[in-house]
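[1] no sequence on this one, just coordinates:
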């Protein structure tokens with residue numbers, strides 16, 4: 001089995017481009033909206049979108065099933081099975097959409113009683129919840145066709161639509177705010193464009209496949225197949241929501257909507273770094289599946305070590321920059337008044353997240369081997385612990401307590417479970433796993449850190465121009481070391497990782513887990 005390198009490059013490149021556009025727009029648009037709407041309205045905005053974000057749990061892992069079986073049936077030419085799959089998924093999504101709409105209507109009447117919302121924002125909160133919830137409900141049936149495009153590896157179509165939607169949203173929001181528009185106007189623009197993008201995805205899916213819709217294609221066997229595969233994925237969806245999407249709700253319930261703004265500024269910078277690494281890490285799943293099919297255990301080990309090293313090449317310098325220049329980044333981004341509260345949040349979340357990012361290939365390898373069931377339960381336990389600790393600590397320590405409640409469980413799973421679990425599965429020594437993957441990226445970051453600290457003694461940037469100068473110098477210093485690593489081919493060299501006897505034992509262990517999903 002060989003992968004189309006051009007296709008991979010197109011998909012990964014377009015993902016990074018879409019992510020770059022989204023980050024740049026977010027960096028400039030978020031403070032613009034914040035200063036135009038104010039802390040309370042902006043916090044309400046984050047709160048409602050975070051609360052309705054839990055509707056994503058209703059996906060139940062259906063999209064992952066669509067992706068898998070569209071890829072399988074399109075490769076084998078089973079058009080009838082494709083039609084049954086898409087129609088069954090569309091029927092399931094339509095029922096979920098109706099349920100989500102009913103929940104939205106009922107909850108919109110009680111949203112002010114659930115969260116601490118100031119009386120003058122009560123009406124806006126109800127309309128905002130109704131507007132966002134309706135958009136999410138309508139988006140469920142459209143999501144089926146996005147899954148079809150992913151199954152066909154048409155990521156570049158999805159990414160192109162995302163870029164166009166992001167740019168159009170930014171332009172329309174700026175124009176609306178300049179002409180006196182408020183929170184609800186901004187929200188309407190934000191929720192309308194994804195629906196338009198979804199309709200474009202529908203057209204692209206029908207153009208890519210000769211799909212047929214109709215009640216005759218509804219199939220119990222297809223629904224059972226979808227439900228069976230979606231079980232583990234649903235656990236992970238729940239876990240990810242508990243892991244990273246509960247902070248705004250906890251803070252809104254126990255502190256205030258305005259406090260969400262200060263937390264979000266720090267956490268958003270961490271999210272951006274996570275998105276960059278995740279866009280790279282997605283390619284390791286098909287690479288893992290290829291090596292498994294070829295019974296190439298040495299290749300699997302190298303995917304883990306070299307993949308984690310590649311992720312560390314990106315994550316470590318970002319962590320160093322945010323640690324040393326984090327205050328300047330926040331000041332240049334949203335203003336000096338947010339530095340004191342948001343910078344500590346940034347630091348508390350940054351380091352556990354970095355440990356997660358530099359092991360991104362490990363998680364993707366578990367997916368590719370169909371050995372992520374145990375990992376799903378661990379992540380779910382981590383998410384539950386996150387919520388419990390956050391609720392306990394947010395009362396005495398405010399938003400810092402919530403951040404600590406998120407950081408501790410994440411740190412534990414990344415230190416005490418994932419490395420040992422992957423090493424046992426693939427027969428890798430723990431020392432090799434740590435130093436083989438992370439040693440070189442850490443060494444290459446030392447000149448970068450030294451340069452940032454020396455420039456800090458020279459001057460501390462307070463504006464965007466000064467910040468960009470220091471970032472450019474730091475990037476040049478790091479680029480020299482990274483260029484040497486690639487030129488000398490040491491960036492990908494991990495040596496021999498096992499013996500023939502170890503390979504046979506590991507192959508037996510991996511093969512027993514092949515059908516775990």
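    Received the coordinates, thanks. Not measured: the values here are computed from a predicted model.

[2] buried ones in the helix or strand that contains residue 187?
    According to DSSP states H and E, residue 187 maps onto helix 183-208. Buried residues in helix 183-208, counted by 16 or more other CB atoms under 10 Å: 183, 186-194, 197-198, 200-202, 204-205, 208. In short, each C-beta sits where N, CA and C put it, glycine included.

[3] also stretch 93-112?
    Under 16+ other CB under 10 Å, the buried positions of stretch 93-112 are 93, 96-97, 100-101, 104, 107-108, 111-112.

[4] the helix or strand where residue 465 lies packs against which elements?
    Element membership for residue 465 (DSSP H and E) is helix 464-487. Where contact means 3 or more CB pairs under 8 Å, 6 or more residues apart in numbering; DSSP states H and E, helix 464-487 is packed against helix 297-334, helix 437-458.

[5] the next helix-or-strand element following the first one to helix 437-458, inter-axis angle?
    Meaning helix 297-334. As assigned by DSSP H and E, the chain's next helix or strand after helix 297-334 is helix 339-357. Computed by axes from the mean of the first three to the mean of the last three CA atoms, to 10 degrees, the angle separating helix 339-357 from helix 437-458 equals 160 degrees.

[6] just how off-centre is helix 339-357 within its chain?
    16 Å (CA atoms, centre = their mean, to the nearest Å).

[7] for it, buried residues please.
    Those would be 339, 341-350, 352-357, for helix 339-357 by 16+ other CB under 10 Å.

[8] for that helix, packing partners?
    helix 257-281, helix 297-334, helix 373-416.

[9] need those helices in CSV (columns: mean neighbour count, distance to residue 224 and mean pLDDT).
    Listed next are those as CSV, based on neighbours: other CB atoms under 10 Å; distance: least, CB to CB, whole Å; pLDDT from 0 to 100:
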stretch, mean neighbour count, distance to residue 224, mean pLDDT
helix 257-281, 22, 31, 82
helix 297-334, 22, 31, 87
helix 373-416, 19, 19, 89
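
[10] among the ones you listed, which comes closest to residue 22?
    Shortest distance between residue 22 and those, using CB to CB, is found for helix 257-281: 7.7 Å.

[11] check which helices and strands that closest one sits against.
    In terms of contacts (3+ CB pairs under 8 Å, 6+ apart), helix 257-281 is packed against helix 5-37, helix 39-52, helix 247-254, helix 297-334, helix 339-357, helix 360-368, helix 373-416.

[12] which one of those helices lies closest to residue 233?
    Among the helices and strands packed on helix 257-281, the nearest to residue 233 by CB to CB is helix 373-416 (8.2 Å).

[13] buried residues in the helix or strand just after that closest one?
    Using DSSP H and E, the helix or strand that follows helix 373-416 towards the C-terminus is helix 418-426. Residues of helix 418-426 classed as buried: 418-419, 421-423, 425-426 (neighbour count, 16+ other CB under 10 Å).

[14] same question, stretch 432-449
    432-433, 436-438, 440-441, 444-445, 448-449.

[15] thinking again about what came up before, dump the helices and strands packed on helix 339-357 into JSON lines; add distance to residue 17 as well.
    Shown next, in JSON lines, are those (distance: least, CB to CB, whole Å):
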{"stretch": "helix 257-281", "distance to residue 17": "10"}
{"stretch": "helix 297-334", "distance to residue 17": "16"}
{"stretch": "helix 373-416", "distance to residue 17": "29"}
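
[16] nearest to residue 468, out of the ones you listed?
    helix 297-334 (8.7 Å).

[17] now that closest one against helix 360-368, angle please.
    130 degrees.

[18] any idea how far the residue nearest to residue 355 when sequence neighbours are not counted is from residue 205?
    Spatial nearest neighbour of residue 355, chain neighbours left out: residue 414 (4.2 Å); criterion: CB to CB, 6 or more residues apart in numbering. Going from residue 414 to residue 205 by CB to CB, to the nearest Å gives 37 Å.

[19] and the helices and strands packed on helix 464-487 as CSV, adding distance to residue 248?
    Output for the helices and strands packed on helix 464-487, formatted as CSV (distance: least, CB to CB, whole Å):
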stretch, distance to residue 248
helix 297-334, 17
helix 437-458, 31
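
[20] from the buried residues of stretch 432-449, pick the one nearest residue 77.
    Closest approach between these and residue 77, by CB to CB: residue 437, at 40.4 Å.

[21] check which residues of stretch 445-461 are buried.
    For stretch 445-461, burial by neighbour count (16+ other CB under 10 Å) applies to 445, 448-449, 451-452, 455, 461.

[22] centre of the chain to it, how far?
    The chain centre lies 30 Å from the centre of stretch 445-461; the measure is CA atoms, centre = their mean.

[23] ok, residues contacting that stretch?
    316-317, 320-321, 324-325, 328, 332, 466-467, 469-470, 473-474, 477-478, 480-481 (CB atoms under 8 Å, 6 or more residues apart in numbering).

[24] same thing with stretch 324-336?
    Outside stretch 324-336, the residues that touch it by CB under 8 Å, 6+ apart are 27, 30-31, 34-35, 265-266, 269, 321-322, 338-339, 342-343, 346-347, 449, 452-453, 456, 460-464, 466-467, 470-471.
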